[in-house]
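whatever this is, show me its structure:
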Amino acid sequence: MLVNKAFILKSVEACLVWGFGRFGLSSYPGDNLLRWREASNNALRHYAGKDLMSRRIIDQKKQFKVRYDNYYQWFGLYDK
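Numbering: from 1, shown residues only. The predicted structure is shown next:
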């Protein structure tokens, strides 16, 4: 699946116009979250393949996430 770059740019533009702290999203329509995760994974694979340092940083990020993934289930989001 392709990520609609124009949609993302318009979304960021809307955030700047409306102000980041004055609104929030409680859910995402359709399969956006899946598409964003797929795009993120593609970018990580791309940069991990470029050089050893990038691969190490990305691998350490993944290890950190695995280790602390339950934090959000136990304590909730940072801003609440």
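
give the other helices and strands that the helix or strand of the chain with the lowest mean pLDDT contacts.
Per-element confidence for the chain was summarised using mean pLDDT, DSSP states H and E. The lowest value among helices and strands belongs to helix 5-18, with a mean of 75. Contact partners of helix 5-18 among helices and strands, from 3 or more C-beta pairs under 8 Å, 6 or more residues apart in numbering; DSSP states H and E: none. The C-beta positions use only the backbone N, C-alpha and C, and glycine is treated the same way.

distance between whichever helix or strand comes after it and the chain's centre?
If you walk from helix 5-18 toward the C-terminus, the next helix or strand you reach (DSSP states H and E) is helix 32-48. Computed by C-alpha atoms, centre = their mean, to the nearest Å, the chain-centroid distance of helix 32-48 equals 8 Å.

check stretch 5-19 too.
Averaged C-alpha coordinates place stretch 5-19 at 15 Å from its chain's average position (C-alpha atoms, centre = their mean).

what's the answer for stretch 65-74, then?
A distance of 15 Å separates the C-alpha centroid of stretch 65-74 from that of its chain, computed with C-alpha atoms, centre = their mean.

quick revisit: next, the angle from the least confident helix or strand of the chain to helix 32-48.
Taking axes from the mean of the first three to the mean of the last three C-alpha atoms, to 10 degrees, one finds helix 5-18 and helix 32-48 inclined to each other by 110 degrees.
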